[in-house]
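1. sequence and predicted structure are below.
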Amino acid sequence: MKKIVPFSFYFLYFAAFASLLPFFVLFYQSLGFSGAQIGLLTGIPPLITLVGAPFGTGLADRTRRHRLIMGLGLVVAIVVMLILPRASSFVQVFALIVSFNFFMSPVGSLSDSATMTMLGDERAMYGRVRMGGTFGWGIFAQIAGFLLAMYGLHILFYMFSGIMLVNLFVSQKFSFGEHQEHDPKSGTVWMLLKNRRWIVFLLSAFLGGVGAFSVAAYLSPYLQGLGADGRQIGFAFLVATLTELPAFYFGNLLVKRFSAYGLFVISLILLGVRSVLFGVADNLFLAIAVQGLGGAIFPAMWSAGVAYADENAPAGLKSTAQGLLGAMTFGFGAAVSGFAGGLLLESMGGRGMFMVFGVAILAGLGLIEGFKRIFPEKEMAQIV
């Protein structure tokens, strides 16, 4: 059960998101929203995640109500996605999207925390369990592409809700272990945020969020601008999924070879390069090739990030640490790429948008790593 439950959860969780997330921008465009409105809808909600993920995971750690908080998030997600196709005004859509993000924001981090707990001494096998999500995403992104071409966007909202309903029952089989009291010597979550090592890690996670979310949110209109239809968009996500599998399967070996943080940095460099290559690609074939070659980057980054957060989390703050990682990646990082992406897509097109993101990621990572070398950790500890 320690592998079957999380594997099944990840499969269904990412199957649901693959059915809808890549097509959100197309839905906004179908309602006639402007580039600025799309940027707001794509960018502001992740800011809710920036608050909601640490709040939800912290509340779960304090109250030991992990399954309740996870279940509530899934229920709200199901209800919102059943209502959203009937919304027409910007205000209605915005309110629903914000609600969805707030309640769903701790779910992914809680599932990662439970998975690491259930694996116990086999935590290095996280990547192989997380492969369930890769299978779910790859299979259902392809199915969603066909359904989009045949029936239109609205069918995808019902597909998401149906899959998440099944996953609601699976989520209640998670085990979060016995209550582990927080060690006062390690401080609170705020002390964690003052830790130089964690600040550097979270700033890097922000760049990872920009690289990952920009592709998740804007790949579909980018490919559409190159002449792709729904089937070809679904195929592009399937191709990336196939290349994800080796990265998750051998994730434990990659972490052992490069260390968790080392693999995290390497993945960020490759994320930046992938975005630059999207900017260079001038036809659909090259764009899909880049998507396929870049499919292994995110699983390597996420496996490394989850491992690093778990290794460096104080006692009693395991879920909170994963929440901080999720908040910076899919909260702050996603918000910035969402805001900027909507405006850049409208003004520069998909290729220009990805080129800007790629250069920004590489430059930002260079600044972070340069800061680490100019101000070594021991010197920073003396200053603080």
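-> Cool, the structure landed. Numbering: from 1, shown residues only.
2. the most centrally placed residue in the chain in helix, strand or coil?
-> In the chain, the C-alpha nearest the mean C-alpha coordinate belongs to Phe330, at 5.0 Å (CA atoms, centre = their mean). Secondary structure, DSSP: H, G, I helix; E, B strand; the rest coil: Phe330 is helix.
3. what packs against the helix or strand containing Ala300?
-> Using DSSP states H and E, Ala300 sits in helix 297-311. Packing contacts for helix 297-311, counted by 3 or more CB pairs under 8 Å, 6 or more residues apart in numbering; DSSP states H and E, involve helix 90-119, helix 126-151, helix 196-225, helix 230-249, helix 251-258, helix 260-280, helix 318-327. For glycine as for every other residue, the C-beta is placed from the backbone atoms N, C-alpha and C.
4. right, so those: which one is the most enclosed?
-> Between the helices and strands packed on helix 297-311, helix 318-327 has the highest mean count of neighbours, a mean of 28, where neighbours are mean count of other CB atoms under 10 Å.
5. neighbouring contacts of it?
-> By CB atoms under 8 Å, 6 or more residues apart in numbering, the surrounding residues in contact with helix 318-327 are 49-54, 56-58, 60-61, 66, 105-106, 108-110, 112-113, 116-117, 176, 180, 189, 192-193, 198, 202, 205, 305-306, 309-310, 312-314.
6. could you do stretch 151-160 as well?
-> Residues contacting stretch 151-160 (CB under 8 Å, 6+ apart): 16-17, 19-20, 23, 26-27, 30, 81-82, 84-85, 140, 143-144, 147-148.
7. quick one: buried residues of that stretch?
-> For stretch 151-160, a neighbour-count test (16 or more other CB atoms under 10 Å) marks Leu153, Leu156, Phe157, Tyr158, Met159, Phe160 as buried.
8. if we can go back for a sec, out of the contacts of stretch 151-160, which sit inside helices?
-> Among those, DSSP state H puts Ala16, Phe17, Leu26, Phe27, Ser30, Met81, Leu82, Phe140, Ile143, Ala144, Leu147, Leu148 in helices.
9. from the residues you listed, pick the one nearest Leu96.
-> Using CB to CB, Met81 is the member of the ones in helices among the contacts of stretch 151-160 that sits closest to Leu96, with 8.6 Å.
10. state the pLDDT value of the closest one.
-> We have a pLDDT of 95 for Met81.
11. could I get the average pLDDT for the helix holding Ala300?
-> pLDDT averaged over helix 297-311 gives 86.
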